[in-house]
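Asks: Make a model of this:
(2 chains)
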Amino acid sequence: AQSVTQPDIHITVSEGASLELRCNYSYGATPYLFWYVQSPGQGLQLLLKYFSGDTLVQGIKGFEAEFKRSQSSFNLRKPSVHWSDAAEYFCAVRNDYKLSFGAGTTVTVRA
Amino acid sequence: DAGITQSPRHKVTETGTPVTLRCHQTENHRYMYWYRQDPGHGLRLIHYSYGVKDTDKGEVSDGYSVSRSKTEDFLLTLESATSSQTSVYFCAISEFPGGGSSYEQYFGPGTRLTVT
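Replies: Below you'll find the model as predicted:
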C-alpha cells in the first residue's frame, strides 16, 4: 500500500513570506496525490490534486504543488502567506478506493 | 461545498454506552468513509462503504461497526464506548472513479466525541 510522510510537524512563517510544505510518498507506479487544508474546528478542504500530466499543479487559495518522481515528493508552496493560511495541512495518496493521509503539518503565521 | 452533514456535532458519553454517529450526503456519491482524527496521527480510516449494504474495514476498525441502508446515509456505531475512542470523527464521500474523477474525497464538518 502506498503511504505519505510529512517530515515537518510544525512550521512558523511570517505574513507575506513564502511557504513550502514537504510531502514524500512511497513508491508507486502512478500515484494519485492530494493536499488538503483544515482550518481550526473545520473539516478538510481539497487544495489541489495530481494524477497525471503537468507536474506543477495549481490549486485554490493561491497554492501550487510540484510532483517530482525522482525525489518521490509532492511539495506544497505558496509565494506569499496570508494570516488566514494558518491551518493544518495534510498530504494524501490514493490506495485503491481509499486515501492514506500523512500526520499533518501545522502552519502558524506571525504578523 | 459538497452536501455532507454529520450529526451530532458534539457528544459527551460515558464509558460502556453505545453511540451512533450519522453521516448524510446529498451528492449521490457511491463511496462513503469514516475517519478518526487524533493529534500526531492525521486521519485514520475506520470503515468505508462502496455501495448500499457494502462495507469494508479500514486500518482502525476494532470497536466500531457501520451500516449503510441508503445511498445517502452512513452510520458509525461504537458498540461500547471507551476512553480511547475520544476523538474527532469525519465522514467523507467520493464518486465512483472514472470519467474524470480522480479519487478525491469531500469531507463533512466532523463530530467531536468525548468518552468519560
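
Asks: Any figure for the gap between the residue positioned nearest the centre of chain B and chain A?
Replies: Using Cα atoms, centre = their mean, the residue of chain B that lies closest to the mean C-alpha position is B:W34, 2.4 Å off. As judged by Cβ to the nearest Cβ, to the nearest Å, B:W34 and chain A stand 11 Å apart. From N, CA and C alone the C-beta is placed, and that goes for glycine too.

Asks: Buried residues, stretch B:26-44. List them.
Replies: B:H29, B:R30, B:Y31, B:M32, B:Y33, B:W34, B:Y35, B:R36, B:Q37, B:G42, B:L43, B:R44 (16 or more other Cβ atoms under 10 Å in any protein chain shown).

Asks: Tell me which residues touch A:R22, please.
Replies: Residues in contact with A:R22 (Cβ atoms under 8 Å, 6 or more residues apart in numbering or on different chains) are A:Q6, A:P7, A:D8, A:S73, A:N75, A:T105.

Asks: Could you do A:G62 as well?
Replies: Contacts of A:G62 (Cβ under 8 Å, 6+ apart): A:K78, A:P79, A:S80.

Asks: Beyond the biggest strand by length in chain A, next helix or strand please.
Replies: Looking across chain A with DSSP state E, the single longest strand is strand A:87-95. Sequence order places strand A:98-101 as the next helix or strand after strand A:87-95, per DSSP states H and E.

Asks: Direction included, what does that next one pair up with?
Replies: In the sheet, strand A:98-101 lines up against strand A:87-95 (antiparallel) (DSSP bridges).

Asks: Give me the residues contacting the partner strand.
Replies: A:1-4, A:6, A:21, A:23, A:25-26, A:28, A:31-40, A:44, A:47, A:51, A:74, A:76, A:99-102, A:104-107, B:42-43, B:103.
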